[in-house]
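In: Next input, structure requested:
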Amino acid sequence: MNKWTSKGESIFFRLPRIGAVLYDKLMHNSPMQLYYKEIAEDLTSRLSAGRLLDVGTGPGRLLQAIHGLNPAIELYGLDISAAMLKQARKNLYGIAVNLRQGNIRHTDFPNDYFDLVACTGSLYLWERPEEGLQEIYRILKSGQSAILFECDRESDRQALQIPLRENLRQVNMLSKIFGPLAIKQALDAAYSRKEISEIIQRTSFAPHFSVAEVTISGLPMWFRIELLKG
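Out: Now for the predicted structure:
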């Protein structure tokens, strides 16, 4: 097995080019643009300049939104998928960004390198999440934070129906067909608050972290996880 792959991540490692293109089309709609905008606003409110790493950057839409709000931030993206990174380079054409293929469990970034590390909706895909968080701790500067946005498996799915229907009115046919299925699969595979806390407690972030329920793009199904490197 390649050193970058693991049981939970191998699908994305082997993702063909057409898969990355279809994924980007599925995610590139008004609700998802709002999703990235709201997260980018949160991140740029914390960082006016410096290095920001987006873990699991996929087709680069979050980095695109961050650059639109604050071009002074030095952008980095890490993803296990070569196909996703090819799509990200297309989407980020003309923007200065450092994109690398790799697994967050073992990167080649120096110690204490980043002013902010972000991750959106990929923690549940990591086979060994404690190792990934420990690597984030290593590459994050002292006194700085990592911000993760992850689905809440214990979300009230009935309460999601009305805002989800509203979101689906604004999307293309591909998203109408596959969007609800993708959300269900993500929620089924996601962690509970208790499980997230237990994972973090086994890392160096244990003394300084918070997990809060948040609504993003109108959907009350998210955790905002802040990990402070003390």
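In: Determine the three-state secondary structure at residue 76.
Out: Residue 76 falls in the strand class when you classify it by DSSP: H, G, I helix; E, B strand; the rest coil.
In: buried ones in the helix or strand where residue 194 lies?
Out: Following DSSP states H and E, one finds residue 194 within helix 193-201. Neighbour counts over helix 193-201 (16 or more other C-beta atoms under 10 Å) mark 193, 196, 199, 200 as buried. Placement of C-beta: from N, CA and C, glycine included.
In: Let me know the closest of these to residue 27.
Out: Of all the buried residues of helix 193-201, the one with the least separation from residue 27 (C-beta to C-beta) is residue 196, at 23.2 Å.
In: That closest one against residue 153, yeah?
Out: No. Residue 196 lies out of contact with residue 153 (C-beta atoms under 8 Å); the separation is 9.6 Å.
In: Now do the helices for the chain: every range, in order, please.
Out: Ranges of helices in the chain, per DSSP state H, are 10-13, 17-27, 30-44, 61-69, 82-91, 129-139, 157-168, 173-189, 193-201.
In: Show me what the mean pLDDT comes to for the fifth one.
Out: Read that as helix 82-91. Helix 82-91 carries an average pLDDT of 97.
In: counting contacts, what elements does the lengthiest strand in the chain pack onto?
Out: Longest strand in the chain by number of residues, with DSSP state E as the criterion: strand 140-151. Where contact means 3 or more C-beta pairs under 8 Å, 6 or more residues apart in numbering; DSSP states H and E, strand 140-151 is packed against helix 30-44, strand 114-120, strand 219-228.
In: Can you dump the C-alpha atoms of stretch 131-142 in PDB for me?
Out: Provided in PDB are the C-alpha atoms of stretch 131-142 (Å, rounded to 0.1, in the frame of the first residue of the first chain):
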ATOM      1  CA  GLU A 131      -2.000  11.100  14.000                       C
ATOM      2  CA  GLY A 132      -3.400  13.700  11.600                       C
ATOM      3  CA  LEU A 133      -4.200  16.100  14.500                       C
ATOM      4  CA  GLN A 134      -0.800  15.500  16.000                       C
ATOM      5  CA  GLU A 135       0.900  16.500  12.700                       C
ATOM      6  CA  ILE A 136      -1.300  19.600  12.600                       C
ATOM      7  CA  TYR A 137       0.000  20.400  16.100                       C
ATOM      8  CA  ARG A 138       3.600  20.100  14.900                       C
ATOM      9  CA  ILE A 139       3.300  22.400  11.900                       C
ATOM     10  CA  LEU A 140       1.100  25.000  13.600                       C
ATOM     11  CA  LYS A 141       2.800  28.000  15.300                       C
ATOM     12  CA  SER A 142       2.600  28.200  19.100                       C
END
